[in-house]
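Asks: only geometry, no sequence info:
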(Lines give C-alpha, C1' and ligand atoms only; values in the text may rest on other atoms or scores of the structure.)
Protein backbone atom coordinates (compact mmCIF):
# COMPACT_ATOMS: atom_id res chain seq x y z
CA UNK A 1 0.00 0.00 0.00
CA UNK A 2 1.37 3.39 -1.00
CA UNK A 3 2.06 6.50 1.04
CA UNK A 4 0.01 9.61 0.22
CA UNK A 5 1.23 13.19 0.63
CA UNK A 6 -1.49 15.73 1.39
CA UNK A 7 -0.58 19.35 0.70
CA UNK A 8 -2.44 21.56 3.18
CA UNK A 9 -3.41 24.91 1.69
CA UNK A 10 -4.41 26.13 5.15
CA UNK A 11 -7.99 24.93 5.03
CA UNK A 12 -9.98 23.14 7.73
CA UNK A 13 -11.36 20.73 5.11
CA UNK A 14 -7.85 19.30 4.73
CA UNK A 15 -8.40 17.28 7.88
CA UNK A 16 -11.71 15.94 6.57
CA UNK A 17 -9.83 14.75 3.49
CA UNK A 18 -7.19 13.15 5.69
CA UNK A 19 -9.93 11.37 7.64
CA UNK A 20 -11.47 10.00 4.42
CA UNK A 21 -8.12 8.58 3.31
CA UNK A 22 -7.51 7.07 6.74
CA UNK A 23 -10.86 5.26 6.43
CA UNK A 24 -9.21 3.25 3.64
CA UNK A 25 -6.25 2.53 5.97
CA UNK A 26 -3.95 4.54 3.73
CA UNK A 27 -0.81 6.01 5.29
CA UNK A 28 -0.74 9.78 4.83
CA UNK A 29 1.71 12.56 5.54
CA UNK A 30 0.60 16.17 5.66
CA UNK A 31 2.68 19.25 4.88
CA UNK A 32 1.74 22.90 4.58
CA UNK A 33 2.17 24.65 1.26
CA UNK A 34 4.97 26.91 2.43
CA UNK A 35 7.52 24.11 2.82
CA UNK A 36 10.28 24.50 0.23
CA UNK A 37 9.96 21.92 -2.58
CA UNK A 38 13.66 21.13 -2.13
CA UNK A 39 12.90 19.77 1.35
CA UNK A 40 10.34 17.22 0.13
CA UNK A 41 11.37 13.65 -0.72
CA UNK A 42 8.87 13.17 -3.55
CA UNK A 43 10.11 9.67 -4.37
CA UNK A 44 8.61 8.12 -1.24
CA UNK A 45 5.04 9.08 -2.12
CA UNK A 46 2.73 7.02 -4.30
CA UNK A 47 0.30 9.90 -4.81
CA UNK A 48 -0.26 13.55 -3.91
CA UNK A 49 -3.46 15.31 -2.82
CA UNK A 50 -3.79 19.09 -3.18
CA UNK A 51 -6.23 20.36 -0.57
CA UNK A 52 -8.80 23.14 -0.68
CA UNK A 53 -7.76 26.56 0.54
CA UNK A 54 -8.45 30.29 0.36
CA UNK A 55 -7.36 32.66 -2.38
CA UNK A 56 -5.93 31.74 -5.77
CA UNK A 57 -3.39 29.09 -6.78
CA UNK A 58 -0.62 31.60 -7.50
CA UNK A 59 -0.86 32.97 -3.95
CA UNK A 60 -0.88 29.57 -2.24
CA UNK A 61 2.74 29.26 -1.15
CA UNK A 62 4.73 26.81 -3.27
CA UNK A 63 1.63 25.06 -4.64
CA UNK A 64 2.32 25.78 -8.31
CA UNK A 65 5.98 24.80 -7.89
CA UNK A 66 4.91 21.48 -6.34
CA UNK A 67 2.73 20.82 -9.38
CA UNK A 68 5.62 21.63 -11.74
CA UNK A 69 7.75 19.14 -9.82
CA UNK A 70 5.35 16.19 -9.79
CA UNK A 71 2.82 16.58 -12.61
CA UNK A 72 4.15 13.90 -14.94
CA UNK A 73 5.54 11.71 -12.16
CA UNK A 74 2.82 11.05 -9.57
CA UNK A 75 -0.92 10.45 -9.39
CA UNK A 76 -2.54 13.70 -8.21
CA UNK A 77 -5.94 14.59 -6.83
CA UNK A 78 -6.75 18.29 -6.55
CA UNK A 79 -9.76 19.47 -4.53
CA UNK A 80 -11.28 22.96 -4.91
CA UNK A 81 -8.18 25.22 -4.85
CA UNK A 82 -6.11 22.15 -5.74
CA UNK A 83 -8.34 21.52 -8.77
CA UNK A 84 -8.00 25.15 -9.84
CA UNK A 85 -4.22 24.96 -9.53
CA UNK A 86 -4.07 21.88 -11.76
CA UNK A 87 -6.28 23.53 -14.39
CA UNK A 88 -4.27 26.77 -14.33
CA UNK A 89 -1.07 24.72 -14.66
CA UNK A 90 -2.46 23.31 -17.92
CA UNK A 91 -3.51 26.72 -19.25
CA UNK A 92 -7.10 27.22 -18.07
CA UNK A 93 -8.38 30.58 -16.83
CA UNK A 94 -9.86 31.35 -13.43
CA UNK A 95 -13.05 33.41 -13.66
CA UNK A 96 -15.81 34.43 -11.30
CA UNK A 97 -18.47 31.79 -10.82
CA UNK A 98 -22.03 32.63 -11.85
CA UNK A 99 -22.59 33.19 -8.15
CA UNK A 100 -20.50 32.50 -5.03
CA UNK A 101 -21.10 29.00 -3.72
CA UNK A 102 -20.04 28.83 -0.09
CA UNK A 103 -21.55 25.78 1.55
CA UNK A 104 -24.10 25.40 -1.24
CA UNK A 105 -25.28 22.16 -2.83
CA UNK A 106 -25.35 21.78 -6.62
CA UNK A 107 -26.40 18.96 -8.88
CA UNK A 108 -23.62 17.92 -11.22
CA UNK A 109 -23.79 15.53 -14.15
CA UNK A 110 -20.93 13.27 -15.16
CA UNK A 111 -20.23 10.64 -17.79
CA UNK A 112 -17.16 9.07 -16.26
CA UNK A 113 -16.09 5.66 -15.03
CA UNK A 114 -12.87 6.56 -13.25
CA UNK A 115 -13.34 8.76 -10.20
CA UNK A 116 -17.16 8.62 -10.48
CA UNK A 117 -17.31 4.86 -11.03
CA UNK A 118 -20.48 3.22 -9.63
CA UNK A 119 -22.09 6.60 -8.87
CA UNK A 120 -25.31 7.89 -10.45
CA UNK A 121 -24.80 10.18 -13.44
CA UNK A 122 -26.37 13.08 -11.53
CA UNK A 123 -25.26 13.68 -7.94
CA UNK A 124 -25.45 16.37 -5.27
CA UNK A 125 -22.13 17.96 -4.30
CA UNK A 126 -21.10 20.65 -1.82
CA UNK A 127 -19.29 23.70 -3.15
CA UNK A 128 -17.21 26.33 -1.34
CA UNK A 129 -15.81 28.71 -3.95
CA UNK A 130 -16.41 31.93 -5.88
CA UNK A 131 -14.05 31.20 -8.81
CA UNK A 132 -14.26 28.48 -11.45
CA UNK A 133 -12.01 27.27 -14.24
CA UNK A 134 -12.85 28.26 -17.81
CA UNK A 135 -11.26 27.74 -21.22
CA UNK A 136 -10.28 24.20 -20.26
CA UNK A 137 -7.51 23.07 -22.65
CA UNK A 138 -7.90 20.04 -24.90
CA UNK A 139 -5.40 18.03 -22.83
CA UNK A 140 -7.85 18.02 -19.91
CA UNK A 141 -11.06 16.00 -20.16
CA UNK A 142 -14.10 17.57 -18.52
CA UNK A 143 -15.70 14.83 -16.41
CA UNK A 144 -18.52 16.73 -14.71
CA UNK A 145 -20.34 20.05 -14.87
CA UNK A 146 -23.30 21.87 -13.40
CA UNK A 147 -26.47 22.53 -15.37
CA UNK A 148 -24.96 25.98 -16.08
CA UNK A 149 -21.92 24.29 -17.65
CA UNK A 150 -19.53 25.30 -14.87
CA UNK A 151 -16.71 22.75 -14.80
CA UNK A 152 -16.76 20.60 -11.67
CA UNK A 153 -14.26 17.82 -12.47
CA UNK A 154 -11.42 17.18 -14.91
CA UNK A 155 -8.91 14.48 -15.71
CA UNK A 156 -5.67 14.81 -17.63
CA UNK A 157 -5.87 12.97 -20.95
CA UNK A 158 -2.39 11.49 -20.56
CA UNK A 159 -1.38 11.49 -16.89
CA UNK A 160 -3.11 10.17 -13.71
CA UNK A 161 -4.27 13.59 -12.58
CA UNK A 162 -7.81 14.46 -11.44
CA UNK A 163 -9.34 17.71 -10.21
CA UNK A 164 -12.62 18.19 -8.33
CA UNK A 165 -13.96 21.72 -7.93
CA UNK A 166 -16.41 20.58 -5.25
CA UNK A 167 -15.67 18.96 -1.88
CA UNK A 168 -15.91 15.14 -1.89
CA UNK A 169 -15.05 15.19 1.82
CA UNK A 170 -18.10 17.29 2.75
CA UNK A 171 -20.74 15.23 4.53
CA UNK A 172 -23.54 16.27 2.16
CA UNK A 173 -21.64 15.42 -1.03
CA UNK A 174 -23.21 12.30 -2.48
CA UNK A 175 -20.67 9.50 -2.92
CA UNK A 176 -17.66 11.45 -1.71
CA UNK A 177 -16.11 8.45 0.02
CA UNK A 178 -16.65 6.41 -3.14
CA UNK A 179 -14.76 9.04 -5.17
CA UNK A 180 -11.77 8.89 -2.82
CA UNK A 181 -11.80 5.09 -2.99
CA UNK A 182 -12.06 5.19 -6.78
CA UNK A 183 -9.03 7.48 -7.02
CA UNK A 184 -7.04 5.17 -4.75
CA UNK A 185 -8.06 2.11 -6.79
CA UNK A 186 -7.37 3.78 -10.14
CA UNK A 187 -3.80 4.36 -9.00
CA UNK A 188 -3.27 0.94 -7.35
CA UNK A 189 -2.82 2.53 -3.93
CA UNK A 190 -5.33 0.15 -2.35
CA UNK A 191 -6.65 -3.28 -3.27
CA UNK A 192 -9.28 -2.94 -6.04
CA UNK A 193 -11.75 -4.89 -3.89
CA UNK A 194 -11.29 -2.82 -0.72
CA UNK A 195 -14.38 -0.97 0.47
CA UNK A 196 -15.25 0.99 3.63
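Replies: Yep, that arrived. What you see is a predicted model; the values in this text were computed from it and never measured.

Asks: so how far is residue 152 from residue 178?
Replies: When Cβ to Cβ, to the nearest Å is applied, the distance between residue 178 and residue 152 equals 16 Å. To be clear about C-beta, it is placed using only N, CA and C from the backbone, and glycine gets the same treatment.

Asks: between these two, which one's more packed in?
Replies: More neighbours surround residue 152 than the other of residue 178 and residue 152, with 24 against 18 (other Cβ atoms under 10 Å).

Asks: partner strands of the helix or strand harbouring the more buried one, parallel or antiparallel?
Replies: Residue 152 belongs to strand 151-156 when assigned by DSSP states H and E. Note on strand 151-156: by DSSP bridges, its sheet partners are strand 140-146 (antiparallel), strand 161-164 (antiparallel).

Asks: report how many residues lie close to the residue nearest to residue 80 when sequence neighbours are not counted.
Replies: Beyond its immediate neighbours in the sequence, the residue positioned closest to residue 80 (Cβ to Cβ, 6 or more residues apart in numbering) is residue 52, lying 3.6 Å away. Neighbouring residues of residue 52 were enumerated by other Cβ under 10 Å; the total is 28.

Asks: show me what contacts residue 52?
Replies: 9, 11, 13, 14, 79, 80, 81, 82, 128, 167 (Cβ atoms under 8 Å, 6 or more residues apart in numbering).

Asks: give me the low-pLDDT residue ranges for this structure?
Replies: Under the criterion of pLDDT under 70, the regions of the chain flagged as low confidence span 1.

Asks: for it, what's the longest strand?
Replies: The strand that spans the most residues within the chain, counting by DSSP state E, is strand 93-110.

Asks: adjacent strands (with direction) for that strand?
Replies: Counting by DSSP bridges, the strands paired with strand 93-110 are strand 122-134 (antiparallel), strand 140-146 (antiparallel).

Asks: distance to residue 56 and mean neighbour count added to those strands, as TSV?
Replies: Below are those laid out as TSV (distance: least, Cβ to Cβ, whole Å; neighbours: other Cβ atoms under 10 Å):
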stretch	distance to residue 56	mean neighbour count
strand 122-134	7	19
strand 140-146	18	19
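
Asks: including distance to residue 91, could those go into a markdown table?
Replies: What follows is the strands paired with strand 93-110, written out as a markdown table (distance: least, Cβ to Cβ, whole Å):
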| stretch | distance to residue 91 |
| --- | --- |
| strand 122-134 | 10 |
| strand 140-146 | 9 |
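
Asks: quick one, which of those gets closest to residue 45.
Replies: strand 140-146 (22.7 Å; Cβ to Cβ).

Asks: returning to what we had before: which SSE is the residue nearest to residue 80 in?
Replies: Of the helices and strands defined by DSSP H and E, none includes residue 52.

Asks: so the residue most central in space within the chain bridges to which residues?
Replies: Among the residues of the chain, residue 78 comes closest to the average C-alpha position under Cα atoms, centre = their mean, at 2.4 Å. When assigned by DSSP bridges, residue 78 has beta-bridge partners residue 50, residue 163.
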